[in-house]
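# how would this look folded up:
(4 chains)
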There are 2 protein chains.
Amino acid sequence: MKTLGYAILGLLAQESLSGYDLTQLMKGRVGNFWSARHSQIYPELARLEDGGYVTHRVVEQRERPDKKVYEITAEGLSALREWVTQPPPPNVPRDELVLKAYSVWLADPEKAARLFREEALRHKEQLAHYEEMRTWMERERGEDVRRADSPWFAGYAALRRGIIYERGYEEWCNWVADQLEKYMHP
Amino acid sequence: MKTLGYAILGLLAQESLSGYDLTQLMKGRVGNFWSARHSQIYPELARLEDGGYVTHRVVEQRERPDKKVYEITAEGLSALREWVTQPPPPNVPRDELVLKAYSVWLADPEKAARLFREEALRHKEQLAHYEEMRTWMERERGEDVRRADSPWFAGYAALRRGIIYERGYEEWCNWVADQLEKYMHP
DNA sequence: ACCCGCATGTAAGTCGTTACATGATTCT
DNA sequence: AGAATCATGTAACGACTTACATGCGGGT
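Coordinates of the predicted model:
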């Protein structure tokens, strides 16, 4: 099974969801380090069901289209449990901005500095958003967040990665901009 | 033109290189935030030449196969310069380990802690490697590293991103492992 | 009247990886 | 003798994105 399958199972392990629900979640929550569109999710759900990892029941709705609600099976759970502790293949992060930085010596320093300040801002905002979620979690779910067997702990752990990532990114962007500006007016 | 094209131009802007040379570089240097295999690089070089961004001359070698050495053209340079200051499309980093963290509440905490300690070690090693390069650059190229119009500055900037990234990653892995262990023997 | 949200799919196209293919020289 | 390095390409396959396709109900 591929990673996307486990991403879906990871969400279904917490609650039963429709393809549509999954699509919404995959641009937020986990989505900050993994994302997918509905065109990937629907076929993958079919494959997961084929493999016996999930089942679905049709929920009829008035005034809304019917939906298929997917539930993880025992086999799905144990496959997921197994996967979690397997070492992942080495990850080469792709980041276009770092690539741009690598050629920044060719650019107009003023334009470049502006770019990096803008990017810093973007990451500052994302960081603020994460910090808000963090505060909320600590206040409202302080108990669960400390229990290693609680989904809240896991969500909190993923969130912390996001916070560290964005903090570091913002810092770096500002450092690059600083250097460029120092060079312009020393 | 796609990102890979600019990655190649970025390297050729510093020195003329063969496809083979480029292949080697694309698993190191820039490669820490962008990588490619030779099967991608050779066709892309052909496309770049088609577009007038690079030219090549054949260098005959005794006791080695002949090679094509590629050089960036004036059009190539100006296209690269333009690209550098254009804001990149929003980046959704994909990271399987964070995904695993998200489902870690299901796993055996002992196994999971071991996994995160191992990953922490991996990033610690990568960090040490980066720090070494950094020290070397500051000592041997201290002058150039401060000039915003020097390729050394750009390389140093990209390196700093690597350092911050790895430092943050190691810290996070250890934090996750700490929490799991605290939960096992409080 | 039109757009948005809910809801589920398929098809075409792009980007990247793995594998196929070849061949000389140098190191072990 | 066999593996590793230099050197350049193509082909098959997989993952992901964008676009195509449909349809109802509610809000502006």
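# what's the domain layout of chain A?
A:3-84, A:96-184 (automatic domain parsing).
# so residue A:56 sits in a strand?
Yes - counting by DSSP: H, G, I helix; E, B strand; the rest coil, residue A:56 is part of a strand.
# tilt between the longest helix seen in chain A and helix B:151-184?
When every helix of chain A is counted residue by residue (DSSP state H), the longest turns out to be helix A:151-184. Taking axes from the mean of the first three to the mean of the last three Cα atoms, to 10 degrees, helix A:151-184 and helix B:151-184 form an angle of 160 degrees between their directions.
# buried stuff in helix A:151-184?
Taking 16 or more other Cβ atoms under 10 Å in any protein chain shown as the basis for neighbour counts, the residues of helix A:151-184 that come out buried are A:151-177, A:179-181, A:183. All C-beta spots, glycine's among them, are computed from the backbone N, C-alpha and C.
# check whether stretch A:76-93 contacts DNA strand D.
No - against DNA strand D, stretch A:76-93 shows no contacts by Cβ under 7 Å from any atom of the strand, the least distance being 11.7 Å.
# same thing with stretch A:47-56?
No - with Cβ under 7 Å from any atom of the strand as the criterion, DNA strand D is not reached by stretch A:47-56; the gap is at least 9.4 Å.
# before we move on, the earlier item: so which other helices or strands are in contact with the longest helix of chain A?
Contact here means 3 or more Cβ pairs under 8 Å, 6 or more residues apart in numbering or on different chains; DSSP states H and E; on that basis helix A:151-184 packs against helix A:109-140, helix A:142-146, helix B:96-102, helix B:151-184.
# for the last one, what is the average pLDDT?
When pLDDT is averaged along helix B:151-184, the result is 98.
# likewise the second one?
Here helix A:142-146 scores 97 as its mean pLDDT.
# The third one too?
For helix B:96-102, the mean pLDDT works out to 98.
# Remind me what that helix packs against, helices and strands.
With contacts defined as 3+ Cβ pairs under 8 Å, 6+ apart, the secondary structure elements packing on helix B:96-102 are helix A:3-12, helix A:151-184.
# again, only this time at 10 Å
helix A:3-12, helix A:74-84, helix A:151-184, helix B:109-140, helix B:151-184 (3 or more Cβ pairs under 10 Å, 6 or more residues apart in numbering or on different chains; DSSP states H and E).
# same question, the second one
Contact here means 3+ Cβ pairs under 10 Å, 6+ apart; on that basis helix A:142-146 packs against helix A:109-140, helix A:151-184, helix B:151-184.
# And that helix, what's buried?
By 16+ other Cβ under 10 Å, the buried positions in helix A:142-146 come out as A:144, A:145, A:146.
# and the residues you listed as JSON lines, adding distance to residue A:112?
Formatted as JSON lines, the entries for the buried residues of helix A:142-146 read as follows, by distance: Cβ to Cβ, whole Å:
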{"residue": "A:144", "distance to residue A:112": "45"}
{"residue": "A:145", "distance to residue A:112": "41"}
{"residue": "A:146", "distance to residue A:112": "44"}
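# what about residue A:91, which helix or strand?
Assignment of secondary structure by DSSP states H and E places residue A:91 within no helix or strand.
# Check the burial of the spatially closest residue to it that is not a sequence neighbour by counting its neighbours.
Of all residues beyond its chain neighbours, the one nearest residue A:91 is residue B:95 (6.1 Å), with distances taken as Cβ to Cβ, 6 or more residues apart in numbering or on different chains. A total of 18 residues lie near residue B:95 under the criterion other Cβ atoms under 10 Å in any protein chain shown.
# Equivalent analysis for residue A:1, please.
Under the neighbour criterion other Cβ under 10 Å, residue A:1 is assigned a count of 16.
# Kindly provide the distance from it to DNA strand D.
9 Å (Cβ to the nearest atom of the strand, to the nearest Å).
# my guess is that residue contacts residue A:47, does it?
Yes - taking contacts as Cβ atoms under 10 Å, residue A:1 lies within contact range of residue A:47: 8.1 Å.
# joint contacts of those two?
Contact with both residue A:1 and residue A:47 is made by residues A:8, A:53, according to Cβ atoms under 10 Å, 6 or more residues apart in numbering or on different chains.
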